[in-house]
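Visitor: starting from these lines, generate the structure:
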Amino acid sequence: MALFPAPTPLEPAPRFSAAIGREVWIKRDDVGSVGYAGNKIRKLSRLVSEIEERGADTLVIVGARQSNAARATAALCAARGWSCVVVVPDDPPAGGALPEANALLGELFGARYEYLGAGTGWAEAEAASRDVAGNAYVLPAGASSPLGALGFVDAHRELLDQLDVLGLEPAAIVHASTSGGTSAGLHLGRARHGGPPVVSIDVGRLYGEDTLPRLAALATDASEVLDAPSPSPRAFAADDLAVSFAHVGEGYGAYTNAGLAAIRLLARTEGIVCDPVYSGKALGALVTGDPLLPADGGPLVFWHTGGAQSVFAARPTGALLGA
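Guide: I've put the predicted structure just below:
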């Protein structure tokens, strides 16, 4: 069973491009079913065989209540007859509030949410997730394991094939990054396949000062998995990765004015929706500029990593509409 429609479309955004004064193409990983749409499903698709080989009957993943990865994992579990547990490094909703958006979908798919309390760190939550009882397969935040990251090595090759058909030579590929699997996979893909620079826009700095070293280690570990049994995988250092932290704002889950404005602009010029936590911050970096983006005026590919489901929660609605 195919988990997503590959290859996902690569589309021009002419009205958006005219509005910002630079040619932009959009890699539409946001397309697909309501449960699977988004970049996380590429990672999960790489993991299915290993999960089945281990005979696991439960997937455990760390994520925020509105996590795209948690929603996609819950959908996958529903389709395969597995249980899903989402470990959330936060308090449960106050006052028994009903689930919304991604959380609504996750619960509809049958996921169980376990809350560790506000102030729990993401690394601490990942450690706690390993204590979930049962025959469980444990996923890190964002499904960003070395094997999962290989989904974006595959995706990088997919994009290059599309660019070749179009005769398009972008100045850069721009995408949102948090847990690091997408960034690690795309940087590893470029190291193997060539192509334009990859610029990762970090939107949360989930692991503090360890974020960039963790990402470099993830890319190295992914190379080791890909090249096994070779004893010489491609080793990545922090300096090998183009990652901007200029658009984190007040942290993961905190909206930025640039991101909200960019979301409105794309929606009103192309009818395409980004979310304010993740893809919208990277879109804001594309619109307002970033020191890591080439300034030569060449085309940019914006990798739409999904997340539109989360805009149906009450909190972003007012912000997006300027209320």
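Visitor: now do the same contact list for residue 253.
Guide: Taking Cβ atoms under 8 Å, 6 or more residues apart in numbering as the criterion, residue 253 is in contact with 64, 66, 204, 277. In this view, the C-beta of every residue, glycine as well, is placed from N, C-alpha and C.
Visitor: ok, now residue 196?
Guide: Counted by Cβ under 8 Å, 6+ apart, residue 196 has contacts 169, 170, 171, 172, 173, 190, 301.
Visitor: residue 236 and residue 223 touch, don't they?
Guide: Yes - here residue 236 reaches residue 223: they are 7.4 Å apart, a contact under Cβ atoms under 8 Å.
Visitor: any shared contact partners between those two?
Guide: Shared contacts of residue 236 and residue 223, counting by Cβ under 8 Å, 6+ apart, come down to 188, 191.
Visitor: those two: which is more packed in?
Guide: residue 223 (25 against 21; other Cβ atoms under 10 Å).
Visitor: hang on, the earlier thing: looking at the contacts of residue 196, which is nearest residue 242?
Guide: Residue 242 has its nearest neighbour among the contacts of residue 196 in residue 172, at 8.4 Å by Cβ to Cβ.
Visitor: burial check on the closest one, number of neighbours?
Guide: Residue 172 has 21 nearby residues by other Cβ under 10 Å.
Visitor: which ones are touching it?
Guide: 196, 197, 198, 199, 293, 294, 298, 300, 301.
Visitor: so which of the contacts of residue 196 comes closest to residue 24?
Guide: The closest of the contacts of residue 196, once distances to residue 24 are taken by Cβ to Cβ, is residue 301, at 7.7 Å.
Visitor: which SS class is the closest one?
Guide: Under DSSP: H, G, I helix; E, B strand; the rest coil, residue 301 falls in the strand class.
Visitor: and it, what does it touch?
Guide: Counting by Cβ under 8 Å, 6+ apart, the residues that residue 301 touches are 10, 24, 25, 26, 27, 159, 163, 170, 172, 173, 174, 196.
Visitor: export the residues you listed to a markdown table and tack on secondary structure, distance to residue 124 and pLDDT?
Guide: Listed next are the contacts of residue 301 as a markdown table, based on DSSP: H, G, I helix; E, B strand; the rest coil; distance: Cβ to Cβ, whole Å; pLDDT from 0 to 100:
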| residue | secondary structure | distance to residue 124 | pLDDT |
| --- | --- | --- | --- |
| 10 | strand | 39 | 98 |
| 24 | strand | 38 | 98 |
| 25 | strand | 39 | 98 |
| 26 | strand | 36 | 98 |
| 27 | strand | 34 | 98 |
| 159 | helix | 35 | 98 |
| 163 | helix | 41 | 98 |
| 170 | coil | 39 | 98 |
| 172 | strand | 35 | 98 |
| 173 | strand | 32 | 98 |
| 174 | strand | 31 | 98 |
| 196 | coil | 37 | 97 |
